[in-house]
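Engineer: Quick one: sequence and predicted model below, then my questions.
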Amino acid sequence: GLTAQFTRTSDNALELRFTGQAETHDSDLNDIGLTFLDGAFSTLPASGIAHSSRSDLGIDFASENAPLQAFQPKDGTAWGSSDTSTAQALDANYMVVGDDEESVLRIYHREGGKALVEWDYSGFLNNGGELDLEGGTLVGDTYYFSGSHSNNKSGNEQDSREYLFAVKIEGTGAATQFHWIGKTEGLETALVEWDNSQNDGQFGFATGSGAGVAPERVDGFSIEGLSVNLTGDGLLLGFRAPQSDTQTRDKAIIVELALSTASAGDTGIGGIQQVIELNLGGRGIRSIEKAADDSGYLILAGPAGGA
């Protein structure tokens, strides 16, 4: 059978390793042994942890006959595209998908297949380079999308990423049409000024966006989540980094921006309303989505670094 072992690899990370060989994986794996090793804990031996050893665990596998979902760009699209970073449902059958490598929004059937529509927004955004689109959300009949606002991996300033934009999308499937509304820039500068003047730099926006600072570290700067607040009059930006405060770097950050009704040439995005700190076990925010019944939010959390 299989044996699973947890080993502590850093102050906030564990490694899960399987050893042995499963008898079968036609359906499920059962009776897996799980043992916490002493090295997984910094203050006490594994034997001091309740249920540190179990032998009745299982892994449920999806049916081997389940259909494979595959999403492909349209024929003729440049190789290396479709690096999906956000998706929003148009209806029960179709969705709009954003790409963090190209300035393109695509329409796909939610069961997979080739893109039915590709819309290049680079001419409207006119940002001079890669947006690094990371988040999207729907507010009323308007879709909002955000660039990461981050430096590149080498820590060099990337002004082309410092935009949010709004579009209206009409129709669905192959008949989908996109209508540009407008763009908003200057958020990174506004956050730095607000943090320094109102909070004595508590959230570290100046440090994270500074020259030479890579985005994928706890003191970096990168927006990866975008949603709407529960009352519909604000956007919520989830930060992969920085994490707060500048001493502990163990809390995730959400920035709320005011939002009014969008109109031609005006996204309706306003000023900074508040910063919300969340204890996500030392993780930043990689995605945030409002529940359909307005009961709360689903947050995908992860380390600021690679995962």
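Structural biologist: Everything's here; your move.

Engineer: okay, CA-based contacts and neighbour counts for the rest of this
Structural biologist: Fine.

Engineer: what are the ranges of the strands in the stretch 101-250 of the chain?
Structural biologist: If DSSP state E, counting those that start in this stretch is used as the criterion, the strands of the stretch 101-250 of the chain fall at 104-109, 113-114, 117-120, 133-139, 142-147, 163-170, 177-185, 222-228, 234-244.

Engineer: rank the ones you listed by pLDDT, which is bottom?
Structural biologist: The minimum mean pLDDT among the strands of the stretch 101-250 of the chain belongs to strand 113-114 (a mean of 86).

Engineer: Residue 107 bridge partners, please.
Structural biologist: On the basis of DSSP bridges, residue 107 takes part in beta bridges with residue 96, residue 117.

Engineer: and it, what does it touch?
Structural biologist: For residue 107, the residues meeting the contact criterion (CA atoms under 8 Å, 6 or more residues apart in numbering) are 94, 95, 96, 97, 115, 116, 117, 118, 173, 174, 176.

Engineer: Now do it against residue 245, distance only.
Structural biologist: 40 Å (CA to CA, to the nearest Å).

Engineer: before we move on, what about residue 184?
Structural biologist: 27 Å.

Engineer: ditto for residue 207
Structural biologist: For residue 207 relative to residue 245 (CA to CA), the value is 12 Å.

Engineer: just residue 190 next, same as before
Structural biologist: Counting by CA to CA, the gap from residue 190 to residue 245 is 19 Å.

Engineer: Assess the claim that residue 164 and residue 148 are in contact.
Structural biologist: No. With contact defined as CA atoms under 8 Å, residue 164 does not reach residue 148; the gap is 9.3 Å.

Engineer: Comparing residue 190 and residue 245, which shows the higher neighbour count?
Structural biologist: Taking other CA atoms under 10 Å, residue 190 and residue 245 do not tie; residue 245 has more neighbours (17 against 14).

Engineer: For the more buried one, which residues are in contact?
Structural biologist: Residue 245 sits next to 202, 203, 204, 251 when contact means CA under 8 Å, 6+ apart.

Engineer: secondary structure class for the closest residue to residue 230 other than its chain neighbours?
Structural biologist: In space, and not counting its chain neighbours, residue 230 is closest to residue 294: 6.3 Å by CA to CA, 6 or more residues apart in numbering. Three-state call for residue 294 (DSSP: H, G, I helix; E, B strand; the rest coil): coil.

Engineer: is it true that residue 294 touches residue 229?
Structural biologist: No. Between residue 294 and residue 229 there is no contact under CA under 8 Å: 9.2 Å.

Engineer: When those two are compared, which one has more neighbours?
Structural biologist: residue 229 (20 against 10).
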